[in-house]
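Participant: fold the following for me, if possible:
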Amino acid sequence: MAGDRFVKMVDGPVPSDMYNFIKFTNGNHDGRNYPPALVEKVKNSIAAVGRHNVIALTLPDVDYLAQAEIDSLLWSVEKCATLGFGKLRDLSHDQAWESVKFNETIEPVAIAAAGGATPEELDYLRESLSNDFYASL
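Facilitator: So this is what the prediction gives:
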């Protein structure tokens, strides 16, 4: 759903592009590796507040999300909203996080497996990722 790659960092997996987007808003990234229109859209859509918080400056366009994705997001917020940083950090240090070295990308299949995906779901994900790869050639 995120369309981003997750990188192993000290406090847990970090979505790489999203991390850069947040850095655009506080001046810690110049956006040179991204289209200028995207950088401006990001700067107009989110704001970093303090060191660890981000707020939306616009309403989300949920037309791009399937109901299953919305349900998954709502479940995640419900599960994690009241957890402190330490607990969230502990939860994120799972098998997927352990499967790579620092600053390496965590494979989506490893993330899904650590999250409890069934063998059938993992097969579907592998096939989907393979199709996406070949479609991008």
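Participant: which residue is nearest the middle of the chain?
Facilitator: residue 15 (3.9 Å; Cα atoms, centre = their mean).
Participant: now that one: how far from residue 67?
Facilitator: Here residue 15 is placed at a distance of 22 Å from residue 67 (Cβ to Cβ, to the nearest Å). All C-beta atoms are positioned from the backbone trio N, CA, C, and that covers glycine.
Participant: what's the answer for residue 92, then?
Facilitator: 26 Å.
Participant: so for the two, which sits in the more crowded spot?
Facilitator: Comparing residue 92 with residue 67 by other Cβ atoms under 10 Å, the one with more neighbours is residue 92, at 17 against 8.
Participant: ok, that one touching residue 13?
Facilitator: Yes: Residue 92 lies in contact with residue 13 (Cβ atoms under 8 Å); the separation is 5.9 Å.
Participant: all helices for this structure, in order.
Facilitator: Counting by DSSP state H, the chain has helices at residues 16-25, 36-45, 67-80, 85-92, 95-98, 108-114, 119-135.
Participant: nearest to residue 51, out of those?
Facilitator: Closest of the helices of the chain to residue 51 is helix 16-25, at 10.5 Å (criterion: Cβ to Cβ).
Participant: elements contacting that closest one?
Facilitator: For helix 16-25, the packing partners by 3 or more Cβ pairs under 8 Å, 6 or more residues apart in numbering; DSSP states H and E come out as strand 6-9, helix 36-45, strand 46-49.
Participant: reformat these as TSV; add mean neighbour count.
Facilitator: Conversion of the helices and strands packed on helix 16-25 to TSV gives the following (neighbours: other Cβ atoms under 10 Å):
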stretch	mean neighbour count
strand 6-9	18
helix 36-45	14
strand 46-49	15
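Participant: no further questions, thank you.
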